[in-house]
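**Student:** below are the sequence and a predicted model for it; my questions follow.
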Protein chains: 4
Amino acid sequence: MSKPTLTVGLIGYQFMGKAHSNAYRQVNRFFDLPLQVRMKTLCGRNEAAVKAAADGLGWEGYETDWRRVVNDPEIDVVDVSTPGSSHCEIVCAAAAAGKIVFCEKPIGNTLEEAQRMRDAVKQSGRPSAVFHNYRKAPAVALAKKMIAEGRLGTLYHMRAVYLQDWIADPEFPLVWRLQKETAGSGAHGDINSHIIDLGRHLVGGFKEVCGTLHTFITKRPLAGAIDDKLGAQASSETGDVTVDDAAMFLARFENGALGTFEASRFAVGRKNYNRFEINGSKGSLVFNLERMNELEYYNNDDPSETHGFRMIQATQADHPYAGHYWPVGHIIGYEHTFVNLVADAVSAIASGKDPSPNMEDGYQNQRVLDAVERSHAARTWLAV
Amino acid sequence: MSKPTLTVGLIGYQFMGKAHSNAYRQVNRFFDLPLQVRMKTLCGRNEAAVKAAADGLGWEGYETDWRRVVNDPEIDVVDVSTPGSSHCEIVCAAAAAGKIVFCEKPIGNTLEEAQRMRDAVKQSGRPSAVFHNYRKAPAVALAKKMIAEGRLGTLYHMRAVYLQDWIADPEFPLVWRLQKETAGSGAHGDINSHIIDLGRHLVGGFKEVCGTLHTFITKRPLAGAIDDKLGAQASSETGDVTVDDAAMFLARFENGALGTFEASRFAVGRKNYNRFEINGSKGSLVFNLERMNELEYYNNDDPSETHGFRMIQATQADHPYAGHYWPVGHIIGYEHTFVNLVADAVSAIASGKDPSPNMEDGYQNQRVLDAVERSHAARTWLAV
Amino acid sequence: MSKPTLTVGLIGYQFMGKAHSNAYRQVNRFFDLPLQVRMKTLCGRNEAAVKAAADGLGWEGYETDWRRVVNDPEIDVVDVSTPGSSHCEIVCAAAAAGKIVFCEKPIGNTLEEAQRMRDAVKQSGRPSAVFHNYRKAPAVALAKKMIAEGRLGTLYHMRAVYLQDWIADPEFPLVWRLQKETAGSGAHGDINSHIIDLGRHLVGGFKEVCGTLHTFITKRPLAGAIDDKLGAQASSETGDVTVDDAAMFLARFENGALGTFEASRFAVGRKNYNRFEINGSKGSLVFNLERMNELEYYNNDDPSETHGFRMIQATQADHPYAGHYWPVGHIIGYEHTFVNLVADAVSAIASGKDPSPNMEDGYQNQRVLDAVERSHAARTWLAV
Amino acid sequence: MSKPTLTVGLIGYQFMGKAHSNAYRQVNRFFDLPLQVRMKTLCGRNEAAVKAAADGLGWEGYETDWRRVVNDPEIDVVDVSTPGSSHCEIVCAAAAAGKIVFCEKPIGNTLEEAQRMRDAVKQSGRPSAVFHNYRKAPAVALAKKMIAEGRLGTLYHMRAVYLQDWIADPEFPLVWRLQKETAGSGAHGDINSHIIDLGRHLVGGFKEVCGTLHTFITKRPLAGAIDDKLGAQASSETGDVTVDDAAMFLARFENGALGTFEASRFAVGRKNYNRFEINGSKGSLVFNLERMNELEYYNNDDPSETHGFRMIQATQADHPYAGHYWPVGHIIGYEHTFVNLVADAVSAIASGKDPSPNMEDGYQNQRVLDAVERSHAARTWLAV
């Protein structure tokens, strides 16, 4: 009477690998799903490190060559959580091997890569998922539901920022995320891609954009062998920063709404300030990831005398996802956005549907990223 | 075709004198009232100071003996804004002279004084007003309206604090407000009296209380000649602090609601934090004087999914008082609570009604203050 | 080379059982501990339900008689998470059997029970832990550290509230938490006990208290077979509510600080509003469980011009616990307070120390609860 | 021994006329200035209305032809507060007559007009002032001081929005502010001009911009005879909206900082949300006009453990302007920004300096407005 399993192999075990592993480990604990996730293989190039990570994160075993994961007949899902530069090869191979592909965002370092990946997955006919996890915060899912129900009316504005400050110190070293060949871009691909996804998800398709990218600190100390933003060490030599520190753009959505988007790693004091505000003819919504259990809502149909932004705690049993966790007012955290995303993906896969967001979403996201980069070069508005 | 005048003489020209003067000066500019306020006489004991103050604050003339104000046949209103120890004599004389009495709060330093003042005014048959000005913030007036309309249902709780920190430094000198003979009490009469008034106004009569008063710093440097909290200077000698630094009490209201009240001058970081929250069966309200243009409101009848405290900006033309000032979102300040109070008082006087709050409110307020002080001594609950 | 295990048996599988199970399951994933937690047995009276719960929550097996858990020689820790009425018998038996006892708060329904449990554990010579989990929120642990370092100076005030509204609807049924024989008390034991613990932890021992308890709705529809606040169903018959809906008290701490405490289930709009403010001579702190990743701090030593409450996001690697989870700004949730508590307890046990908080803390907490109840009856201040 | 006077004639008596009048009336009450403001003449075309306004607002007399004000030898200052379309003629005439010119913002409806006005004032050799009043909020003045002292270090970002919703209703009529011939532009000139001024004031000169303007509702009911946004009445006929509803642009400042600016009258729920955030290498500042007494400040030099945005109440005696009003925590309002601006202007004039901001600032502001409009047409970045 035990459930059928969905067997996962995960490539990459740093920050995202830890978050994905936790999601696989916890998802069947909080959600009653038709499939049981089996955490078979964790994969990384450093054997000692990946072995320790596999133990610590709850994987049955490990591999040091991603090809063995892709070719493992027991594995249903290949999840790619490595730096962007290796996504394309792995994803295309996994798709060719008939695997379900899960992939971190942004899916590629270039639009061309993203298109190849999207096409490979499409050709495979298998489902896919992309980790635009912020869609899955209960407050964001509630926002989506309210907009879909027409409760904001005609949408006029979205203003979104994703602000951090972890590299504002000029002595912060030249980690892989600051190098174009590994990361593709800087704040733009890392965090602008998140708010672009929220824009697509909540407001709709982008019609045209006009933007600019900027690097405030162009030389930094070389780092040692560094895999992630958390473990960086400074050295005395310097190298060129080849990605943007900040990226901002104006947008027109297909439905006529206007947008402003800004991502920066130089907003001193802002740690993970992914905030959006959407204004429609019937109301407005505000979200801030640092207070991710809350959604502010202004209902223009409230009586004039008591109009005001109300602070909804999206922790009630009748809010998306929230009923799977704790009673009202007992908040969940960042990691649960991954749990929720995996829960949705597993449900979709079990019922033969494609998860959302999927590789098509990842590709559409990259089209916006790319248009902004081209707009920066051309100094003009460009169609997406 | 000019309006009849209401001629005022004001005793006292420090902090409260400045605030009252501004209210008299501005009230006919913002409110279309049946009477024109005439600022005839400002009174204080130091001739040079009161002359300068009269000029600066817009009074026609000045006096150094309050008896000349009380006996001036042109003067309709005697406004008493001196330290508490002199209220009773002046108020009783003014009432005996048939004047309309306006008085700062708390009206007396003891319940016995308060009762004498109340009785004197009652006997005079003339209107009166007491400067519990926070009733007149638009957000508080809106709260009053909402409660009166039943929009909070059965009231369960009021929790009110009035927190300041201006004497938390042990080197702050022994100004008149820290001496029982001039001030009557400390935080209790100065600021607890404000939140007690809000309790009476918004929730209803107090049935019983249990409280305590406390003095954290019992000796302080002597001050020089000091009239107000702002102008204090330290000296090397010390004297006894004879009033409370903090006062707190539990309460049961006549309608069954429970209350907690706390006033302190030792809440480091709190400047003028007069905050209350009222919970009823149908909703809740929160007010904070430091953001006095805002009222938080939770409507229990909102759909469950979008329940939340909403932040009402009480600056709309359909909010109390707000239409007399600026367009929505353009806030007013502390001083306007006095303007609004005077506007209400002038309107009431013109139509033969007693202003609200008046000396009876001042007396009822003092009954609560007194019951808390007696409860402190008796260490038990006492009926008010 | 595998770690020694700490084998746990858990009695109770409702809300708290789910939270404890998650903590046991996750603790070794996020903390590098000397012991590996083994989740051996979940225990409950309804076999079908406990079996399903054991599967869902990750236990190896289940029992329907708690005595079998207490007597299982493999089990090191007996964790008691049942309603309060059954704590005493189980805890005393587990202690007598030489087990390490973990227990939900409040440990007993009466002071006499609490004392018996405390004594039994003491006599056993084994470590113990009590789930006053809010101590373990990073922001609260940071507050504790700052106070211990003297950064608040002399403590003057603590004001704490724990406000909820889940039974404000008079039609909410008479669940076990509203009946004295199972729950002992209402808001008082359930949530006042939490803020009392925070008071003891952060400010120090209680010297005397004066309080009152109140029941707003004295009759409610009978519930069916109900185990927890989330699963209640109304019926047509009514029964007496025999616990308090709200409890509030004033306090003097042994160090001279003053306190106000209020717990209510009738604060409409408040879901899990466990908020405290502590004022000292050098600064102040504010915490609110609904935004549990944040700590507000006013530093009186800041330059006057830029004085202000600052909002610390207690999510940095240099904040307590936070470094075990995610990068700065990526918040954790309610469940992690349990993970942190278990991590601390496992560390303490491994190094031969008694965890904190433990059964002595549970007992001291109950002494305050009891003093408030007696003060309510006596209508006067009482020593704790 | 009375002070020399500065005699003012004010053209226009609607919203801005009321705010300016209040400032003239109050300025010598709160500030000890070398000149006494004399409110001689209020001017408007409708005799009955201007007469009533002059009485109500405290002017000695009135005129219906602005030329009589400009040619009145007693008048020192001509203040132009009419709709933008009439500014240029009046200002140039006043300057030609040797008057000190005060002018509402934006000074002109076109850059050409602004230049003519600026040149006329320059040629006159007399001082001037422009009512970019938000510079004069204590919190903004504190921000200016902190930036000038280098406390934010190198400036990286400014993001500014000015959001309102007063015309979001499609039935709101076609008032003068929605017509290009009277208002010049919509949200752009009305409110973008305010945040552009704050950008110039706080960050520095604009180097290049790229922006767009948009009109969501292009036809509206005709209004009757309407002078201001507050008094509009709908009719059955419609007319074309010829100004923008929203305007947004990206910017590069001369000092290398990046900026985003957005103004909208379609941000439903936002009433007067003039908010900016400035990030520098040493810290950040946040201001919101709706809470105009507060300034948020992140000091990157704080110890890491207690980093956080602190909420400064800019109401202390050591904050700009605040010492002229009330004790700390007793807030001021919108109208006081005008009082402060006039106080500064009077002081400057008395000491032979040009006030700040003045007509040169007004002109520079218009250059930015103009560059954004041209950028909109050209769909590209343009130098300012």
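**Tutor:** Noted; the coordinates are in hand. Residues are numbered from 1 along each chain as shown, chains lettered A, B, ... in the order given.

**Student:** phi, psi for residue A:57 please.
**Tutor:** phi -90, psi -10 (degrees, to the nearest 10).

**Student:** just checking, it touches residue A:23?
**Tutor:** No. Residue A:57 lies out of contact with residue A:23 (C-beta atoms under 8 Å); the separation is 10.7 Å. The C-beta positions use only the backbone N, C-alpha and C, and glycine is treated the same way.

**Student:** what sits against the closest residue to residue A:361 other than its chain neighbours?
**Tutor:** Using C-beta to C-beta, 6 or more residues apart in numbering or on different chains and skipping the chain neighbours, the partner closest in space to residue A:361 is residue A:130 (5.7 Å). Residues near residue A:130 by C-beta atoms under 8 Å, 6 or more residues apart in numbering or on different chains: A:102-105, A:107, A:357-359, A:361-362, A:365.

**Student:** ok, now which ones touch the residue in the stretch 101-250 of chain A that chain D sits nearest to?
**Tutor:** Going by C-beta to the nearest C-beta, chain D is nearest to residue A:156 of the stretch 101-250 of chain A, at 4.6 Å. By C-beta under 8 Å, 6+ apart, the contact set of residue A:156 is A:257-258, A:279-281, D:168, D:216, D:246, D:264, D:266-268.

**Student:** quickly list what the residue nearest to residue A:361 is bridged to.
**Tutor:** Here residue A:130 sits in beta bridges with residue A:103, as judged by DSSP bridges.

**Student:** against residue A:107, how distant is it?
**Tutor:** In this view, residue A:130 and residue A:107 are 6 Å apart by C-beta to C-beta, to the nearest Å.

**Student:** where along the stretch 151-300 of chain A do the helices fall?
**Tutor:** All helices of the stretch 151-300 of chain A, identified by DSSP state H, counting those that start in this stretch, fall at A:180-183, A:187, A:193-202.

**Student:** from residue A:307, how far out is the residue nearest to residue A:274 when sequence neighbours are not counted?
**Tutor:** In space, and not counting its chain neighbours, residue A:274 is closest to residue A:289: 3.7 Å by C-beta to C-beta, 6+ apart. Distance of residue A:289 to residue A:307, given as C-beta to C-beta: 26 Å.

**Student:** what of residue A:90?
**Tutor:** In terms of C-beta to C-beta, residue A:90 sits 52 Å off from residue A:307.

**Student:** who in chain A is up against chain B?
**Tutor:** Within chain A, the residues that sit near chain B (C-beta under 8 Å from any C-beta of the partner chain) are A:142, A:146, A:296-297, A:299, A:302, A:304-313, A:316, A:318-319.

**Student:** show me which of these neighbour chain C.
**Tutor:** The residues of the residues of chain A next to chain B that also fall near chain C, by C-beta under 8 Å from any C-beta, are residue A:313.

**Student:** I'd say residue A:321 and residue A:336 touch.
**Tutor:** Yes. Judged on C-beta under 8 Å, residue A:321 makes contact with residue A:336 at a distance of 7.4 Å.

**Student:** so these two - more neighbours on which side?
**Tutor:** For residue A:321 versus residue A:336, neighbours defined as other C-beta atoms under 10 Å in any protein chain shown are more numerous around residue A:336 (29 against 24).

**Student:** my guess is that one contacts residue A:325. True?
**Tutor:** Yes. Proximity of residue A:336 to residue A:325 meets the contact threshold set by C-beta under 8 Å, at 7.0 Å.

**Student:** where do the contact lists of these two overlap?
**Tutor:** Residues touching both residue A:336 and residue A:325 (C-beta under 8 Å, 6+ apart) are residue C:333.

**Student:** list the residues that contact the residue of chain A most remote from its centre.
**Tutor:** Checked against the mean C-alpha position of chain A, the extreme residue using C-alpha atoms, centre = their mean is residue A:305, at a distance of 40.0 Å. By C-beta under 8 Å, 6+ apart, the contact set of residue A:305 is B:142, B:312, B:316, B:318-319.

**Student:** 6 Å instead?
**Tutor:** Taking C-beta atoms under 6 Å, 6 or more residues apart in numbering or on different chains as the criterion, residue A:305 is in contact with residue B:318.

**Student:** contacting residues around the residue nearest the centre of chain A?
**Tutor:** The centre of chain A sits closest to residue A:132, judged by C-alpha atoms, centre = their mean, with a distance of 3.0 Å. If a contact means C-beta under 6 Å, 6+ apart, then residue A:132 has A:105, A:197, A:357 as its contacts.

**Student:** JSON lines for the residues you listed, including pLDDT and neighbour count?
**Tutor:** Output for the contacts of residue A:132, formatted as JSON lines (pLDDT from 0 to 100; neighbours: other C-beta atoms under 10 Å in any protein chain shown):
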{"residue": "A:105", "pLDDT": "96", "neighbour count": "23"}
{"residue": "A:197", "pLDDT": "98", "neighbour count": "24"}
{"residue": "A:357", "pLDDT": "98", "neighbour count": "25"}
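
**Student:** closest one to residue D:47 out of the residues you listed, please.
**Tutor:** residue A:197 (61.2 Å; C-beta to C-beta).

**Student:** once you drop chain neighbours, what's closest to that closest one?
**Tutor:** Closest residue in space to residue A:197, ignoring its immediate chain neighbours: residue A:132 at 4.1 Å, by C-beta to C-beta, 6+ apart.

**Student:** what of residue A:375?
**Tutor:** Here the residue nearest residue A:375, using C-beta to C-beta, 6+ apart, is residue A:382, at 4.6 Å.

**Student:** and the stretch 201-350 of chain A, which residues reach chain C?
**Tutor:** By C-beta under 6 Å from any C-beta of the partner chain, the residues of the stretch 201-350 of chain A that approach chain C are A:271-272, A:290, A:313, A:326, A:328-334.

**Student:** direction included, what does the helix or strand of chain A with the lowest mean pLDDT pair up with?
**Tutor:** None of the helices or strands of chain A scores lower by mean pLDDT, DSSP states H and E than strand A:234-240, at a mean of 80. Strand pairing for strand A:234-240, using DSSP bridges, gives strand A:219-223 (antiparallel).

**Student:** where does chain A have low pLDDT?
**Tutor:** A:1, A:224-235 (pLDDT under 70).

**Student:** buried residues of the longest helix anywhere in chain A, list them for me.
**Tutor:** Using DSSP state H to define each element, chain A has its longest helix at helix A:359-378. Across helix A:359-378, burial judged by 16 or more other C-beta atoms under 10 Å in any protein chain shown covers A:359, A:361-373, A:375-376.

**Student:** now the helices for the stretch 1-150 of chain A?
**Tutor:** A:15-30, A:47-57, A:66-70, A:87-96, A:111-124, A:138-148.

**Student:** how far does stretch A:40-51 stretch from one end to the other?
**Tutor:** 13 Å (C-alpha to C-alpha, to the nearest Å).
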